[in-house]
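Undergrad: turn this into a structure:
(chains A and B)
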There are 2 protein chains.
Amino acid sequence: MPLGKATKGLQEFFIIIVGCGRLGSYLANRLSRDGHSVVVIDVNESAFDALSAEYSGFRVEGDATELAVLKQAKTDKADLAIATTRDDNVNLMVSQIARKLFRVPKVMARVFDPKREEVYRALNIETICPTSLAGDILLKSIMESSGIQKK
Amino acid sequence: MPLGKATKGLQEFFIIIVGCGRLGSYLANRLSRDGHSVVVIDVNESAFDALSAEYSGFRVEGDATELAVLKQAKTDKADLAIATTRDDNVNLMVSQIARKLFRVPKVMARVFDPKREEVYRALNIETICPTSLAGDILLKSIMESSGIQKK
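TA: So this is what the prediction gives:
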């Protein structure tokens, strides 16, 4: 596993982010700032407005479920792909294509419907469900019940 | 701080949940199952379809920014209120009303725009931002870079 142009002891990755909404742009800005090479794909050009001035990666406008678009983003060279759109079907399809056709070593997907997580696991795709994550943290805070005084 | 009808050593709370979307229904189902008294408020009656068969709390259909609706939900008796709608302005308004007018001891709000968190803090309202939460966990996973092999 070569270290690439490692700086500060950290590896630099080539990362494809599909979807430039709140989650996608948050990740793109942070990862680009941290020195990784990032390509963001979104169907809407206006979505790229969410990228910060610090973002130094590429923008690809197009439907990431189309092979040509993923090829244009150089997905075959990617170390990591993250599917962050609001559509579970798009995320699943893009993840599968990245994994199976472009042999991306690590693929992560946002998932809205937790019932789908099993499918992802079977396909070796890491998932994250923001809603249940937030729910669990709120529940934990409630259970610890700090600051709650029974009326 | 009286323990209420404590079972299994846990306190039972009277909890108002505003918004019955993915996050709201997730919390309502879990908290109701755990023995808390829950009231869910949503403007759309169809949103209540997301409540599970186990949910034994009340449903209030209406706009939670209206005092009459919060009164109907018995917010004055609540130990805890959680604003989970997709609208930051609604969540902020409901949180303030619950805190200031109904004197709810603990109020939590989902926030989409992290820039608003300062306002919430000043008002003594706990916030959670699912997007940045998910983003941070994904970033952590990337930094640990388990399973990533440089191409």
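Undergrad: so what touches stretch A:70-81?
TA: Residues external to stretch A:70-81 that are found in contact with it (CB atoms under 8 Å, 6 or more residues apart in numbering or on different chains): A:13-18, A:39, A:41, A:58, A:60, A:62, A:64, A:94-95, A:97-99, A:102-108, B:142, B:148-151. Backbone N, C-alpha and C define where each C-beta goes, glycine included.
Undergrad: swap in 6 Å and give it another go.
TA: A:13-16, A:39, A:41, A:60, A:98, A:102, A:104, A:106-107, B:148, B:150-151 (CB atoms under 6 Å, 6 or more residues apart in numbering or on different chains).
Undergrad: cool, stretch A:30-47 as well?
TA: In contact with stretch A:30-47 (CB under 6 Å, 6+ apart) are residues A:12-18, A:20, A:28, A:54-61, A:63-64, A:73, B:139.
Undergrad: picking that back up, mind giving me the PyMOL command for buried ones among the contacts of stretch A:70-81?
TA: Selection of buried members from the contacts of stretch A:70-81 for PyMOL, criterion 16 or more other CB atoms under 10 Å in any protein chain shown:
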select buried, (chain A and resi 13+14+15+16+39+41+60+98+102+104+106+107) or (chain B and resi 148)
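Undergrad: nearest to B:Thr85 among the contacts of stretch A:70-81?
TA: The nearest member of the contacts of stretch A:70-81 to B:Thr85, counting by CB to CB, is A:Ile41 at 29.7 Å.
Undergrad: out of the helices and strands in chain A, which is least certain?
TA: Ranked by mean pLDDT, DSSP states H and E, the weakest helix or strand in chain A is helix A:117-122, scoring a mean of 82.
Undergrad: buried set for the next helix-or-strand element following that one?
TA: Reading on from helix A:117-122 to the C-terminus, the next helix or strand found by DSSP states H and E is strand A:126-128. Neighbour-count burial for strand A:126-128, with 16+ other CB under 10 Å as criterion, is recorded at A:126-128.
Undergrad: and the angle for the next helix or strand after strand A:126-128 with helix B:130-144?
TA: As assigned by DSSP H and E, the chain's next helix or strand after strand A:126-128 is helix A:130-144. Here the directions of helix A:130-144 and helix B:130-144 differ by 100 degrees (axes from the mean of the first three to the mean of the last three CA atoms, to 10 degrees).
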